[in-house]
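[1] got a structure for you, letters missing:
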């Protein structure tokens, strides 16, 4: 396979896989659209489109003097359409606003509600019913946190790779105020032929590069 042909194959495959990247959109911004629901059984319904879908908000409450801080919580739900997948979840912004605050919290569950007990007495206990969860720290900013959320633990079932078509609900919270921007990437599910085309293209590029390198080497006298 020539270098030019293999380059075209790779370009076509990448275009098919990442075609949704150009359609970035802020789906919800609490500073403009109002507060997200604080009811886990009635989360705010959001509509996601192919490409990045940003949800921007603030969770957590100011600590109360002499007692344990209340937990400010945001709940929202979205649907991944047939033929699509949630391929990544980028923590665009993790802004902990209080000195001494180490992390916030995000979790995801299948279905239209968060049925897990979200009351403070359950914190640090079982995560049964959740697909996955993660403590959000400033170091997570600008990274894909979906793989880490998929690690099973404390009763969460866990998952591997992208999340397929279906409805999901998200729970965000902190015991102190924090600002967040999380970006949900909805992508087309690659067809097996597309995956094979992409692999073939990379193999072809590697072989073409190898041949060019050999031709460029000076011959021994």
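    The structure has been received and is ready for your questions. Just so it is clear, the structure is predicted and the values come from calculations on it, not from any experiment.

[2] Just the pLDDT for the residue nearest the centre of the chain.
    Note on the chain: the residue nearest the mean C-alpha position is residue 89, at 0.9 Å, using Cα atoms, centre = their mean. pLDDT, residue 89: 98.

[3] these two touch, right, it and residue 187?
    No - contact criterion Cβ atoms under 8 Å: residue 89 and residue 187 do not qualify, at 12.0 Å. All C-beta spots, glycine's among them, are computed from the backbone N, C-alpha and C.

[4] so who does the closest residue to residue 91 other than its chain neighbours touch?
    The shortest distance from residue 91 to any non-neighbouring residue, by Cβ to Cβ, 6 or more residues apart in numbering, is to residue 140 (4.5 Å). Residue 140 makes contact with 91, 94, 134 under the criterion Cβ atoms under 8 Å, 6 or more residues apart in numbering.

[5] Of the residues you listed, which is the most crowded?
    residue 91 (24 neighbours; other Cβ atoms under 10 Å).

[6] secondary structure element for it?
    strand 84-96 (DSSP states H and E).

[7] partners of residue 170 in the sheet?
    residue 76, residue 108 (DSSP bridges).

[8] I figured it was touching residue 111, is that so?
    No - using Cβ under 8 Å, residue 170 makes no contact with residue 111, being 11.5 Å away.

[9] list the buried ones in the strand holding residue 91?
    84-91, 93-94, 96 (16 or more other Cβ atoms under 10 Å).

[10] Let me see the ranges of the helices in this structure.
    For the chain, the helices defined by DSSP state H occupy 3-17, 30-33, 146-149, 192-216.

[11] which of those helices has the lowest average pLDDT?
    helix 3-17 (a mean of 48).

[12] picking that back up, how close does the residue nearest to the centre of the chain sit to residue 120?
    Distance of residue 89 to residue 120, computed by Cβ to Cβ, to the nearest Å: 25 Å.

[13] quick one on the thing from earlier: which single one of the contacts of residue 140 is nearest to residue 148?
    Of all the contacts of residue 140, residue 148 sits closest to residue 134, with 5.2 Å by Cβ to Cβ.

[14] Show the low-confidence segments of the protein, by residue range.
    1-24, 63-69, 121-125, 193-221 (pLDDT under 70).

[15] ok, the residue nearest to the centre of the chain - contacts?
    Residues near residue 89 by Cβ under 8 Å, 6+ apart: 144-146, 149, 182-185.

[16] Now a ChimeraX select for only the buried ones of those residues.
    Entered in ChimeraX, the line below selects the buried ones among the contacts of residue 89, by 16+ other Cβ under 10 Å:
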select :145,146,149,182,183,184,185
